[in-house]
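Engineer: Here is a sequence together with a model predicted from it:
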Amino acid sequence: VLFLLLAAVGIGLFLLSLFLYFIVYFGKIGLIKGTYKAETGVENLNFGELFSESLPYFWRVFGLNFLVGLAVLAILLPMVLLGVLTAGIGFLCLIPILCILVPVLWALTVVLEQANAAIVIEDLRMFDGLKRGWEISKANFGPMIIMALILLVGGSIVGVIVALPMLLVFIPLIPSVISGDFQTSSLWVSALCCAGAFPVVLVLNGILTAYLQSAWTLTYMRLTAPKVDAPVVVEANA
């Protein structure tokens, strides 16, 4: 019975994660589409219209990010297993590789953001969008570094600040953990704090996500906008 219960919980969590994953990418596509339409002069943005217009791009954006995520997992998982099996000694040996992987993963994130925008805005296929994202990132290396520092590093810092209320809800449990005597009152206080903080964190995280995605989309639009030559002024003969 316990095995069946754990299996049911595991399947439920997997399905919930899959559902949330779908929602995240629908939201991502909707934000890209909405930012593009707003920037091109569309005044009224209808949720139903954005949703229907996002459908044709879903599997392309979802598939690209899913495949790239699997590739990253295939690289990181053996490292994690090596560290666990060697009681942490493997992690020490992998520090130089991890130091290289961090900027590589940042660069991959930048390329993916540009690829997502390319798929939606230019209606490209999955791997054509990845190629387009790579070309834009490579051709605008300097601006992309600046945007990565602002959006990835800055967004991470703000994300940690936004998540702080969810960490603070566990403060009432600290005395119980120290004493080893878990009291029902402490659990109830933490549960009520968690219930109150979760909607606030959810809203703030949604605002942060919308801002970051809009910024990446605007970056794509600015970098791919046609270059307009400055008019040449011809002096009249006296």
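Structural biologist: Looks like it arrived, so ask away.
Engineer: tell me the centre residue of this structure?
Structural biologist: Residue closest to the mean C-alpha point of the chain, counted by Cα atoms, centre = their mean, is residue 209 at 7.5 Å.
Engineer: quick one: low-confidence ranges for the chain?
Structural biologist: Applying pLDDT under 70 to the chain picks out residues 1-2, 87-88, 169-190, 227-238.
Engineer: how about the helices in it?
Structural biologist: 2-39, 47-85, 89-93, 95-121, 126-139, 141-148, 154-168, 174-179, 184-224 (DSSP state H).
Engineer: quick one, what contacts residue 216?
Structural biologist: By Cβ atoms under 8 Å, 6 or more residues apart in numbering, the residues touching residue 216 are 113-114, 116-117, 147, 151. Yep, even glycine has a C-beta here, placed from its N, CA and C like the rest.
Engineer: Include neighbour count and distance to residue 12 when you put these into CSV, please.
Structural biologist: Listed next are those as CSV, based on neighbours: other Cβ atoms under 10 Å; distance: Cβ to Cβ, whole Å:
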residue, neighbour count, distance to residue 12
113, 26, 31
114, 27, 36
116, 27, 29
117, 31, 34
147, 20, 39
151, 19, 34
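Engineer: and of those residues, the nearest to residue 24?
Structural biologist: Checking the contacts of residue 216 against residue 24 with Cβ to Cβ, the nearest one is residue 116 at 11.8 Å.
Engineer: and the nearest residue to that closest one once chain neighbours are set aside, what is it in contact with?
Structural biologist: Using Cβ to Cβ, 6 or more residues apart in numbering and skipping residues adjacent in sequence, the residue nearest residue 116 is residue 61, 5.4 Å away. For residue 61, the contact set (Cβ under 8 Å, 6+ apart) comprises 25, 28-29, 116, 119-120.
Engineer: Quickly note the distance from residue 61 to residue 219.
Structural biologist: Relative to residue 219, residue 61 is positioned 17 Å away (Cβ to Cβ, to the nearest Å).
Engineer: Please apply the same query to residue 40.
Structural biologist: Residue 40 is 16 Å from residue 219, where distance means Cβ to Cβ.
Engineer: Which of those two has more residues huddled nearby?
Structural biologist: For residue 40 and residue 219, the more surrounded residue by other Cβ atoms under 10 Å is residue 219, and the numbers stand at 22 against 9.
Engineer: any residues touching stretch 25-34, and which ones?
Structural biologist: So stretch 25-34 is in contact with 45, 50-51, 53-54, 57-58, 61-62, 65, 116-117, 120-121, 209-210, 213-214, 217, going by Cβ under 8 Å, 6+ apart.
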